[in-house]
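> let's see this in three dimensions:
(2 chains)
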Amino acid sequence: MKLADRIANELMHAVSHLSEDVLDRIRWAQKTETSEASRAVLDAIAKNLELADAHSLPMCQDTGMFLVFVDVGKTCPLGLSAIENAILEGCALAVSKAYYRRSVVEEPVYERTNTQTNLPPVIWWQPVEGSSLTIQILLKGFGSENCCQVRMLNPTCGEEGVIEAVKSIVLSAGGKPCPPIFLGVGLGGSMDRAAYLSKRALLRPVDQHHQDARYAALEEKILAAVQETEIGSGGLGGVITALGAAVEQEPTHIAGLPLAVSINCWADRKAKVVWEGEDA
Amino acid sequence: MRELVLPISQQDILSLQPYEQVLVSGKLYVGRDQVHKLLASLLEENQPLPIGLEGACIYYMGPSPAPEGKVIGSCGPTTSARMDPFAPLLLDHGLKVMIGKGPRSKQVVEAIKRNQALYLQAYGGCGALYASCVRSARTVAFAELGPEALLELEVEQMPVVVAITATGASVFDR
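So this is what the prediction gives:
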């Protein structure tokens, strides 16, 4: 199968179906939540997923903006143009076949004319060693995207400062991003790099922790701190506010500790295609 | 579960309590960011509106396209807070019921109290669930806005939660 068709197929599936790791967390919340109001929200989510599957409808009308992460091998035989074309073609195919909403406008301030294609996507290119090619795509809804924040923390604030900042960002989001939420936390680099890392953190399967034990523990502590907000599902109050927290980190400057928090709604929709030598 | 038919009577509005789960049926309007901006500017310029606001219900939503043979696509609520700068003006001109998701500003809560209105919360992200409640859909105005156009829907047993009552009691005050 052509690369563009594989991308389209994954995106057509992702708009109506969540991956098993995400579903596991929703089921866990249904079992764990003690608030009646929040449980009703989780039950509605479960019923919604059944209906989305049965009727081949997007699970949410905000089918998101495509955030595309391309990890391309430095000796990958496919050229960058061919890869880019396959991504654009695959996205366009999925938009028309799977009834994606056209949610993208040409420019942000003045006319805001709808492009009518849900394109262009946001594409991040990351060169990696070897000849492989991995394309990962987030279908990022903007109810949750509007609640994302970057903060430049004090370099001496330590783990406690990081946890407090994440908690305060989640508190200011409240019921707006369709909780229960997933958190991607980017630490280090520069202001913009931390934001990028926070999105990369969202790509990691929910059941996988950071490889560094200190950061894996930090993920657990952030998740516990966020549950203390008791925002609950739909913002109606409850013991489960977040379904997962993932951290990515990079070297940074002696004077800084950039922190970015990307919030995703429970509809944590992702597509992944690993190129296996087919035509672009 | 309690069932309400639009337009909801004032007596019913006054009897609702926060956290109450209700099923809403009847005709409502659909409008989000740009529709609110346009309606507000028409009101400010004393121009006629394309819809009657008196006693009306507005659902904050922008659907995905309707597949062939279906009335509407996925159609869950969008974040209400973005409509907060415009909602008090609409409420003061007769709007009675708002359906969306998430908390509202102090100014909106005051306007709800002032007009004895109602804010209902739909289940966020549950677009396929709400598609199953829509019996008919038609574009009323601003068709050029595409997914943001002003629609009229007929809904049947649309599940929502009472979020802010006519007295200002709110599920978001904790």
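> what about the strands in the chain?
Unless you meant another one, I'm taking chain A. Ranges of strands in chain A, per DSSP state E, are A:65-73, A:122-128, A:133-140, A:149-153, A:181-189, A:242-252, A:257-264, A:270-274.
> please go with chain B instead
B:2-5, B:21-30, B:57-59, B:97-100, B:118-122, B:134-141, B:150-164.
> for residue A:191, what are its contacts?
A:150, A:152, A:258, A:260 (CB atoms under 8 Å, 6 or more residues apart in numbering or on different chains). Every C-beta, even on glycine, is put in place using the N, C-alpha and C of the backbone.
> the first one touches residue A:197, doesn't it?
It stands for residue A:150. No: with contact defined as CB atoms under 8 Å, residue A:150 does not reach residue A:197; the gap is 10.8 Å.
> what touches both of the two?
residue A:260.
> more crowded one of those two?
residue A:197 (23 against 16; other CB atoms under 10 Å in any protein chain shown).
> relative to chain B, how far out is the more buried one?
25 Å (CB to the nearest CB, to the nearest Å).
> how about residue A:122?
Using CB to the nearest CB, residue A:122 is found at 19 Å from chain B.
> look up which residues are beta-bridged to that residue.
residue A:67 (DSSP bridges).
> ok, it touching residue A:70?
No: with contacts counted by CB under 8 Å, residue A:122 stays clear of residue A:70, the gap being 11.2 Å.
> neighbour count: those two, which is higher?
When neighbours are counted by other CB under 10 Å, residue A:70 comes out ahead of the other of residue A:122 and residue A:70, with 20 against 14.
> per-residue pLDDT, the more buried one?
Here the pLDDT value assigned to residue A:70 is 98.
> hmm, back to that, the strands of chain B into JSON lines, with extra columns for mean pLDDT?
Output for these, formatted as JSON lines (pLDDT from 0 to 100):
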{"stretch": "strand B:2-5", "mean pLDDT": "98"}
{"stretch": "strand B:21-30", "mean pLDDT": "98"}
{"stretch": "strand B:57-59", "mean pLDDT": "98"}
{"stretch": "strand B:97-100", "mean pLDDT": "98"}
{"stretch": "strand B:118-122", "mean pLDDT": "98"}
{"stretch": "strand B:134-141", "mean pLDDT": "98"}
{"stretch": "strand B:150-164", "mean pLDDT": "98"}
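> in TSV, list these along with distance to residue A:253 and mean neighbour count.
Below are the strands of chain B laid out as TSV (distance: least, CB to CB, whole Å; neighbours: other CB atoms under 10 Å in any protein chain shown):
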stretch	distance to residue A:253	mean neighbour count
strand B:2-5	57	14
strand B:21-30	48	19
strand B:57-59	48	25
strand B:97-100	42	24
strand B:118-122	43	27
strand B:134-141	53	15
strand B:150-164	44	21
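> give the buried residues for stretch B:109-118.
B:109, B:111-113, B:115, B:117-118 (16 or more other CB atoms under 10 Å in any protein chain shown).
> residue boundaries of the helices in the chain?
Looking at chain A here, since you left the chain open. A:3-14, A:20-32, A:36-55, A:80-97, A:142-145, A:158-173, A:191-203, A:213-227 (DSSP state H).
> ah, I was thinking of chain B
Using DSSP H, helices in chain B cover B:10-15, B:33-44, B:87-92, B:106-114, B:127-131.
> those: which one's closest to residue A:3?
Shortest distance between residue A:3 and the helices of chain B, using CB to CB, is found for helix B:127-131: 29.3 Å.
> could I get the pLDDT score of residue 171?
I went with chain A, as the question did not name one. Confidence score, pLDDT, at residue A:171: 98.
> that was the other one, I meant chain B.
97.
> need the contact list for it.
A:37, A:235-237, B:18-19, B:121, B:161-164.
> could you dump those into a markdown table and include distance to residue A:177?
As requested, the contacts of residue B:171 are arranged in a markdown table below (distance: CB to CB, whole Å):
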| residue | distance to residue A:177 |
| --- | --- |
| A:37 | 17 |
| A:235 | 9 |
| A:236 | 14 |
| A:237 | 16 |
| B:18 | 21 |
| B:19 | 21 |
| B:121 | 14 |
| B:161 | 17 |
| B:162 | 21 |
| B:163 | 16 |
| B:164 | 19 |
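> now, which of the residues you listed sits nearest residue A:224?
Checking the contacts of residue B:171 one by one against residue A:224 (CB to CB), the nearest turns out to be residue A:237, at 17.7 Å.
> so that closest one is in contact with residue A:33, correct?
No: here residue A:237 does not reach residue A:33: they are 10.2 Å apart, not a contact under CB under 8 Å.
> pick the one among the buried residues of stretch B:109-118 closest to residue B:97.
For these, the nearest to residue B:97 is residue B:118 (4.9 Å; CB to CB).
> in the sheet, who's paired with that closest one?
residue B:97.
> hmm, residue B:100 and it touching each other?
No: taking contacts as CB under 8 Å, residue B:118 lies outside contact range of residue B:100: 11.8 Å.
> tell me who's in contact with the residue in the stretch 151-280 of chain A that chain B sits nearest to.
Nearest to chain B, among the residues of the stretch 151-280 of chain A, is residue A:178, at 3.6 Å (CB to the nearest CB). Residues near residue A:178 by CB under 8 Å, 6+ apart: A:141, A:143-144, A:234, A:265-267, B:101, B:124-125.
> kindly recompute the last result at 7 Å.
A:143-144, A:265-266, B:101, B:124-125 (CB atoms under 7 Å, 6 or more residues apart in numbering or on different chains).
> equivalent analysis for residue A:134, please.
So residue A:134 contacts A:71, A:274 (CB under 7 Å, 6+ apart).
> may I have the beta-bridge partners of it?
residue A:71, residue A:274.
> which pLDDT value belongs to it?
98.
> biggest separation within the contacts of residue A:191, which pair?
Farthest pair in these, by CB to CB: A:152 and A:260, 9.9 Å.
> what about those two, which has more around it?
Relative neighbour count places residue A:260 above the other of residue A:152 and residue A:260, with 27 against 14, counting by other CB under 10 Å.
> isn't that one right next to residue A:193, touching?
No: in this structure residue A:260 lies outside contact range of residue A:193 using CB atoms under 7 Å: 8.6 Å.
> check contacts around the nearest residue to residue B:168 once chain neighbours are set aside.
In this structure, residue B:168 finds its nearest non-sequential neighbour in residue B:113, 4.4 Å apart by CB to CB, 6 or more residues apart in numbering or on different chains. Neighbouring residues of residue B:113 by CB under 7 Å, 6+ apart: B:166-168.
> show the buried residues in these.
Buried among these (16+ other CB under 10 Å): residue B:166.
> now render the contacts of residue B:113 as a markdown table, adding distance to residue B:71 and pLDDT.
A markdown table is the format used below for these (distance: CB to CB, whole Å; pLDDT from 0 to 100):
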| residue | distance to residue B:71 | pLDDT |
| --- | --- | --- |
| B:166 | 32 | 98 |
| B:167 | 36 | 98 |
| B:168 | 36 | 98 |
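> ok, residue B:9 - how many residues close by?
11.
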